[in-house]
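Chemist: my questions concern the predicted model and sequence given below.
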Amino acid sequence: RVSSVLNRDVKQFGKKHMFDTSEETCWNSDQGTCQWVTLDFPRTVKVSQLHIQFQGGFSSRLCTLEGCRAGEGLVKISDLYPEDINAMQISFAAFQVEETVLDKLKITFENSTDFFGRIVVYHLGVLGER
């Protein structure tokens, strides 16, 4: 799930484009503060890395990661401070404090570099093990 899609045009800017490995497509949020992405995993996973590629100028200065097991409420895991660049960014430190075993992960984009609060993500990957 995502907080919003630009002009509600899911065909062109929908969430599926974060995972299609195409450099031509992206998820583009609508304007507004605190955009987010929630991932519900089909089974419990131990998360070790987060890969994210923004469009420069439409990234987030602060990303808050929250997660939980099935039937529980979200708990804050970490804050990430991505760069405002087009390149793939990989978070190694985000989950290395302890094993992070989750059924759900929420990434909140707290502070957009875009004046209108839009976020553009070309690639989102969560690495770990079952």
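Modeler: All right, it came through fine. Numbers count the residues shown, from 1 in each chain.
Chemist: note down every partner strand of the helix or strand of the chain with the lowest mean pLDDT and its orientation.
Modeler: The weakest-scoring helix or strand in the chain, judged by mean pLDDT, DSSP states H and E, is strand 89-91 (a mean of 86). Paired strands of strand 89-91, with direction, are strand 35-54 (antiparallel) (DSSP bridges).
Chemist: how far does the strand it pairs with sit from the chain's center?
Modeler: For strand 35-54, the distance between its averaged C-alpha position and the chain's averaged C-alpha position is 7 Å (CA atoms, centre = their mean, to the nearest Å).
Chemist: return the set of buried residues in that strand.
Modeler: Buried residues in strand 35-54, counted by 16 or more other CB atoms under 10 Å: Gln35, Trp36, Val37, Leu39, Phe41, Val45, Val47, Ser48, Leu50, Ile52, Gln53, Phe54. All C-beta spots, glycine's among them, are computed from the backbone N, C-alpha and C.
Chemist: now for these: which two are most distant?
Modeler: The most widely separated members of those are Gln35 and Ser48, with 24.5 Å between them, by CB to CB.
Chemist: next, the distance between the ends of stretch 50-58.
Modeler: Using CA to CA, to the nearest Å, the end-to-end distance of stretch 50-58 comes out at 18 Å.
Chemist: oh, that last question was meant for stretch 20-29, not what I typed.
Modeler: Terminal residues of stretch 20-29 lie 17 Å apart, using CA to CA.
Chemist: check stretch 13-23 too.
Modeler: Between the start and the finish of stretch 13-23 there is a gap of 13 Å, counting by CA to CA.
Chemist: contact partners of that stretch?
Modeler: For stretch 13-23, the surrounding residues in contact (CB atoms under 8 Å, 6 or more residues apart in numbering) are 1-2, 5-7, 25-28, 37, 121-125.
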